[in-house]
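**Q** A structural model of the following input is requested.
(chains A and B)
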Amino acid sequence: EDKVVQSPLSLVVHEGDTVTLNCSYEVTNFRSLLWYKQEKKAPTFLFMLTSSGIEKKSGRLSSILDKKELFSILNITATQTGDSAIYLCAVLNQAGTALIFGKGTTLSVSS
Amino acid sequence: DVKVTQSSRYLVKRTGEKVFLECVQDMDHENMFWYRQDPGLGLRLIYFSYDVKMKEKGDIPEGYSVSREKKERFSLILESASTNQTSMYLCASSSGLGNTEAFFGQGTRLTVV
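**A** Numbering: from 1, shown residues only, chains lettered A, B, ... in the order given. Model prediction:
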């Protein structure tokens, strides 16, 4: 059965800390792994990862995929209160017909 | 600018009512999905469709049905709404080809009273 597991489920940090969010997966005919950030509305897209070992970066956020070990990490450096959100990991299969989500990591950044 | 549009942001319905949630995408995507999102449970797939008039059950289809008469529109139907269907409903679409992410609508927060 296809599945995506995120850890931790929740995390509380202080502003300025660095956090690492984890996502492991098992899916048939993998196409891509997607990270989304969700505040009080629909998820917004962060990264799409298709190849192992190539880091994607956007400001203080970065992510990398390991297709051999079937996991991805999302790093956030110098966290800010605006980073407080649910971070969702999803895996898409080749045909795009399976979009499977983990339960998300709820990140709270305190000032 | 690509778009997935859900017909309502907020809905309040009475128990037993028939409820229609509409989702329209303008990207010519083959695949469309309906999820519900509840605290602690993440996004759970209700139904998806990979082509016009085609549909597949997801993880929690009970109490729901769907309709896809046109490629751009995917409707979720609650035949007889119940209070345990109070939730955030998210529609998404993805392409069957190429390497693009899945796109979400803005979500519909449904309350059944």
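**Q** Leaving out sequence neighbours, find the closest residue to A:Phe101.
**A** B:Leu43 (4.2 Å; Cβ to Cβ, 6 or more residues apart in numbering or on different chains). The C-beta positions use only the backbone N, C-alpha and C, and glycine is treated the same way.
**Q** er, B:Gln106 actually
**A** A:Ala42 (4.8 Å).
**Q** Nearest to chain B: which residue in chain A?
**A** For chain A, the residue closest to chain B is A:Lys103, as judged by Cβ to the nearest Cβ, at 3.5 Å.
**Q** Tell me how far that residue lies from B:Arg44.
**A** 10 Å (Cβ to Cβ, to the nearest Å).
**Q** The closest residue to chain A within chain B: how many residues sit nearby?
**A** Going by Cβ to the nearest Cβ, chain A is nearest to B:Gly42 of chain B, at 3.5 Å. Look at B:Gly42: counted by other Cβ atoms under 10 Å in any protein chain shown, it has 19 neighbours.
**Q** That one touches A:Gly102, doesn't it?
**A** Yes: judged on Cβ atoms under 8 Å, B:Gly42 makes contact with A:Gly102 at a distance of 6.4 Å.
**Q** intersection of neighbour lists for those two?
**A** A:Leu88 (Cβ atoms under 8 Å, 6 or more residues apart in numbering or on different chains).
**Q** Who does the most centrally placed residue in chain B form a beta bridge with?
**A** Geometric centre of chain B, nearest residue: B:Trp34, 2.9 Å, by Cα atoms, centre = their mean. Under DSSP bridges, the beta-bridge partners of B:Trp34 are B:Tyr47, B:Cys91.
**Q** quick one: contacts for it?
**A** Contact analysis of B:Trp34 by Cβ under 8 Å, 6+ apart lists B:21, B:23, B:45-48, B:58, B:64, B:66, B:74, B:76, B:89-91.
**Q** B:Gly58 too?
**A** Here B:Gly58 is in contact with B:33-35, B:44-48 (Cβ under 8 Å, 6+ apart).
**Q** Which two of these have the greatest separation?
**A** B:Arg44 and B:Phe48 (12.0 Å; Cβ to Cβ).
**Q** what about these two, which has more around it?
**A** B:Phe48 (25 against 16).
**Q** Tell me which residues are up against the helix or strand of chain A with the lowest mean pLDDT.
**A** Least confident helix or strand, chain A: strand A:99-101 with a mean of 88, by mean pLDDT, DSSP states H and E. Contact with strand A:99-101 is made by A:2-4, A:25, A:27, A:88-92, B:31, B:33, B:35, B:42-43, B:45, B:48, B:92, B:94, B:102, as judged by Cβ under 8 Å, 6+ apart.
**Q** Just the buried ones from those residues, in PyMOL syntax?
**A** In PyMOL, this line selects whichever of the contacts of strand A:99-101 come out buried by 16 or more other Cβ atoms under 10 Å in any protein chain shown:
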select buried, (chain A and resi 4+25+27+88+89+90+91+92) or (chain B and resi 31+33+35+42+43+45+48+92+94+102)
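**Q** Okay, and which of the contacts of strand A:99-101 map to strands?
**A** Those of the contacts of strand A:99-101 mapping onto strands are A:3-4, A:25, A:88-92, B:31, B:33, B:35, B:42-43, B:45, B:48, B:92, B:94, per DSSP state E.
**Q** Many thanks, we can stop here.
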